[in-house]
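Novice: Show me how the following folds:
(chains A and B)
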Amino acid sequence: MLRFSRNFSVCILLLIFSEITSAQNCELSISGIVKDLDTDSPIAYASVYIKESQSGELTDSLGLFKFESICEGEVHLVLSHIGCETQELFLEVSRDTIITLYLDHNSRLLDEVAVISLDGKTSTQESQGLNSASIAENSNKSLANMLEGISGVSTIKNGNGIAKPVVHGLYGNRLSILNNGIAQSGQQWGADHSPEIDPLVANKITVIKGVGALEFQGSALGSVVLVEPQSIDEDPHLHGEGRYFFESNGLGNGINLELQQYGKAIAWRAVGTLKKSGDNRSSKYFLRNTGHQEANIALQLEKSWSKKFLTELYFSSFNAEFGVLRGSHIGNLSDLEEALGRDVPFFTEDKFSFEISSPYQRVNHHLLKFHSKYTINEKNFIDFTYAGQYNLRKEFDIRRGGKSEVPALSLKQTSNFIEGKYTSFLPKNWNLKSGVQLNRVDNTNLPETGILPLIPDYISYQYGFFSILSKRIQQTRIEFGGRYDVETRNVAAISATVPRTVIRYQNDYYNYNAMAGISQNIFNDWKVVFNLGYASRNPGVNELYSNGLHQGVSGIEEGDPRLKPEISIKGTLSLKGNISHKLFFECLVYSQNIDNYIFLNPQNEIRLTIRGAFPVFQYEQTNARISGFDFSASYEASDRLSLTGKFSYLEGHDLTNDLYLVYMPSNNLNTALNYEIPEFLNLQNVVFQVNNRIVFQQKNLLPSQDFLAPPKTYYLFGIKVSTEKQLRKNRLKVFLSAENLLNETYRDYLNRQRYFADDLGFNLIAGMNFSF
Amino acid sequence: MKKVTLLLVLGCIFSLFITSCKKDEPETPIIPNEEELITSLNFTLTPTGGGTAIVLSFLDLDGDGGDEPTITEGTLAANTTYNGSLDLLNELENPAESITEEIQEEDEEHQFFFQSTVAGLSIAYADMDSNGNPVGLSTTVTTTSANSGTITVVLRHEPDKAASGVSAGDITNAGGETDIEVTFNVEVQ
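Specialist: Residues are numbered from 1 along each chain as shown, chains lettered A, B, ... in the order given. Model (predicted):
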């Protein structure tokens, strides 16, 4: 009997086995071949190791490997290759065995992470992302910072710790982030509210840059970020992985421990992360109060009741505190103008500190997900999902009268989501996926603040229905689908005028979404994909009802209860291919028109308050267009030397007022030179990398659209070294990397901290992963 | 059979959801007790030689948003010395809460700054915190010749009182957050 792990990393997609002649106890053999998934050509220098016999081999030039004198019984086989997460396969061997392993070889250089459709083939959705190897090597980073290297993805930040992903210019309420298939439900509207997700729990993070991830509930206008934890390997023994990192900038430390076992009664997996860092440092000075700490845990349980019925339970808890640069806390416009003129921010100190004091954010997010899958027959499946989320956000400011310990913003959000989904393989290669989703969100301000709330209390109900059909006809694949959503939102706001009264509003929205995609293989292994999507997003409560001073930007922001939903049409066209399997490239061109695009428009009004004069901004609507392209390429000069480049270009226009859109990501170029040695002394997969990131100045902005001109173009160099070593039954991976090697002084357009201070200086990161 | 049951259950939940949601309103929010708000600033100038006090005041009774503030300006006599006294109130509370007391209690963390464009008019600190640095709740205002201009009163929270020039009333290196910044038109006759 043979068993194998179901869940391979992105790199290793398939395992085929066959059994030949029977033999005696310790005279069995395991042999096989490692092939490229795309081209079917053999892959040399992949490392294969058998724990039981403590023997290892590299595949030869024909991709072949062979182990002799293997004893009957349990075998743990470790497969590793540069850039791929090391994968362990569990086999029960009773005969001579031949295995074929497929590696998705070229993908790693271009951040390719395929979205797999029902039939096991890649969907027409354009996607890129990170596999578990990249996640592990970037364990010191937050979710958004990890994704920053992917073309078309940027981050909007407040300092370094507080970061949100931006995909094709959209973020916050316009970008859905799904944690284990569940739309993250929190205070997504705030540009300084980072997603409450621990990326180290994930095995794969995918950015869908296409047009319509219609099966996911949420308010996406196209792009979606999927954070997916690994399911439990079908291995009856206890296994795990320990990770540790240290970073010099902020003296950050982090540990992550993962344990899993596929027990007979129940399968389980537990992951925990602890992170702590202190004040970051720019090239010249410490950034006071920019420390951060996190304590997260996730637990997964899986039970097969029968061959047809499977139940999964997932619980995750994210708990973090983020300090905000002390010198960025300002009282009014004069303070801002004063801060803009300074070389070194106010409150800068000469010494490093781990202390986090006001202003800071404290965030807790808990998710409980229950999922059951019932197989009606080989071609029909039903899924049922329930997810509950609890989000608590407290923001502490510098306040008078000893109130700094009282949050200035305190919001609690609970959400309950249920979903029924039906999947079917229809005749003639048609596939159908269809579902019903219901979601209730209750958002409440806790009255402890002693300050008028920024956004009102509300209860919202969304019910949605979607259907997606796909079909494969030889080299062509088509996909199309529709989605209908109804949302009712009951709002209770407090008036801005005295005497304070409660004002109630009811919003009803009816939204349609649709998408169509076609992909066509040409010249054997080139691929052209076209997608077109129609989507809408309802105005958020902040856009409708905020009324008052937004301290962070020193402006009075006024919502407009009459705002209509945004309507978007986005088209993407991509071409992916290679020349002689040496030069791999992928180019994606997109254009998105958003009618009723909601934005904060500065008014010709300065409002006088006792705290001074403030500019007034109003949420208004316009017709906007965001277009651009993402280009990635990698060139393999030899087996060992490769060069990658990724370029993102984007322009945002306000078509009605003939202006640029504000807060659009700057164009950027990432390049890297890799030198890889499969085996060196006793080490495996030794990789040297030199990389460079250029972020160009945002030129598409008028001086009247911001307090300060966008920062100049900056260049960051980095190096990275990593290697692996098999230690009997365990495996050790170590890496060392340096970021901003030249200690460059720079500021980034999408980092709000740029008004006050320089961005991060030199950072040295050392880390290790130990799998057992 | 199982399929039918499941669909029925889902259908029931769905219809329950639709009918109940219209009525599911958030509870009436508790209106926060805005203790920290400063609604009123009164700058009372009493001639040291006796006479009627002049009160410059800035009232914004509904906080940052809402209605426009009410500003009362005044006329000072030339060649006169006044005892200046600042009083801050939160008049949204009933009875009105004195913010002046709060500042007295935390005087090391607060400092007023006065900027005058009136030629010949000077404002000097007449009080100190426990470290011997000025606060500015009490001042001495001296006028000379007849002139006009503005007086701006700024309250900084957590300024760096040790920074150069700050204790002499120069705001340039003070830092901290501005809690108050009001400007009065002033005439000296």
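Novice: can we go C-alpha only for contacts and neighbour counts from here?
Specialist: Fine.
Novice: Just the strands from chain B, written as ranges.
Specialist: For chain B, applying DSSP state E gives strands covering B:40-47, B:54-59, B:70-72, B:74-76, B:81-90, B:97-98, B:110-116, B:122-125, B:138-142, B:147-157, B:177-188.
Novice: strand partners of the last one, parallel vs antiparallel please.
Specialist: For strand B:177-188, the paired strands and their directions (DSSP bridges) read strand B:74-76 (parallel), strand B:147-157 (antiparallel).
Novice: got any ranges where chain B has weak pLDDT?
Specialist: Counting by pLDDT under 70, the ranges of chain B that qualify are B:1-22, B:65-66.
Novice: Now name the helix or strand holding residue A:336.
Specialist: Element membership of residue A:336, judged by DSSP states H and E, is helix A:333-340.
Novice: So what touches the helix or strand just after that helix?
Specialist: From helix A:333-340 onward toward the C-terminus, using DSSP H and E, the following helix or strand is strand A:360-377. Contacts to strand A:360-377, defined as C-alpha atoms under 8 Å, 6 or more residues apart in numbering or on different chains, come from residues A:196, A:308-324, A:381-397.
Novice: Pairing partners for the next helix or strand after strand A:360-377, with directions?
Specialist: Past strand A:360-377, heading to the C-terminal end, the next element that is a helix or strand (DSSP H and E) is strand A:380-396. Sheet pairing for strand A:380-396, assigned by DSSP bridges, gives strand A:360-377 (antiparallel), strand A:409-425 (antiparallel).
Novice: how near is residue A:540 to residue A:563?
Specialist: Going from residue A:540 to residue A:563 by C-alpha to C-alpha, to the nearest Å gives 9 Å.
Novice: quick one, helices of chain A?
Specialist: With DSSP state H applied, chain A shows helices at A:132-137, A:143-147, A:333-340, A:541-545, listed in chain order.
Novice: pLDDT (mean, whole number) over the last one?
Specialist: I take that to be helix A:541-545. Helix A:541-545 shows a mean pLDDT of 91 in the predicted model.
Novice: from the strands paired with strand B:177-188, which stretch is densest packed?
Specialist: Mean neighbour counts were compared across those using mean count of other C-alpha atoms under 10 Å in any protein chain shown; the top stretch is strand B:147-157, at a mean of 20.
Novice: how much does that strand deviate in direction from strand B:40-47?
Specialist: Strand B:147-157 and strand B:40-47 are oriented at 130 degrees to each other (axes from the mean of the first three to the mean of the last three C-alpha atoms, to 10 degrees).
Novice: contacts for strand B:147-157?
Specialist: Residues outside strand B:147-157 that contact it (C-alpha under 8 Å, 6+ apart) are A:400, B:109-120, B:175-189.
Novice: Which of the residues you listed are buried? Put it as a PyMOL command.
Specialist: Here is the PyMOL command that picks out the buried ones among the contacts of strand B:147-157, judged by 16 or more other C-alpha atoms under 10 Å in any protein chain shown:
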select buried, (chain A and resi 400) or (chain B and resi 109+110+111+112+113+114+115+116+118+120+175+176+177+178+179+180+181+182+183+184+185+186+187+188)
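Novice: For chain A, which element, helix or strand, carries the lowest mean pLDDT?
Specialist: Per-element confidence for chain A was summarised using mean pLDDT, DSSP states H and E. The lowest value among helices and strands belongs to strand A:12-19, with a mean of 48.
Novice: and the closest residue in space to residue A:444 that isn't next to it in sequence, bridged to which residues?
Specialist: If the residues on either side of it in the chain are set aside, residue A:444 comes closest to residue A:457, at 4.8 Å by C-alpha to C-alpha, 6 or more residues apart in numbering or on different chains. Residues found in beta-bridge contact with residue A:457 (criterion: DSSP bridges) are residue A:492.
Novice: Which parts of the stretch 1-150 of chain A are strands?
Specialist: When assigned using DSSP state E, counting those that start in this stretch, the strands of the stretch 1-150 of chain A occupy the ranges A:12-19, A:28-36, A:47-50, A:55-58, A:64-70, A:73-80, A:87-93, A:97-103, A:127-130.
Novice: that older thread, now render the helices of chain A as TSV, adding mean neighbour count and distance to chain B.
Specialist: TSV is the format used below for those (neighbours: other C-alpha atoms under 10 Å in any protein chain shown; distance: least, C-alpha to the nearest C-alpha, whole Å):
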stretch	mean neighbour count	distance to chain B
helix A:132-137	22	36
helix A:143-147	24	30
helix A:333-340	18	7
helix A:541-545	21	13
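Novice: where does chain A dip in pLDDT?
Specialist: Judged by pLDDT under 70, chain A has its weakly predicted residues at A:1-24, A:37-39, A:83-85, A:104-122, A:211-212, A:219, A:551-553.
Novice: Report the contact partners of residue A:760.
Specialist: With contacts taken as C-alpha under 8 Å, 6+ apart, residue A:760 has the following neighbours: A:160, A:280-283, A:740, A:745-746.
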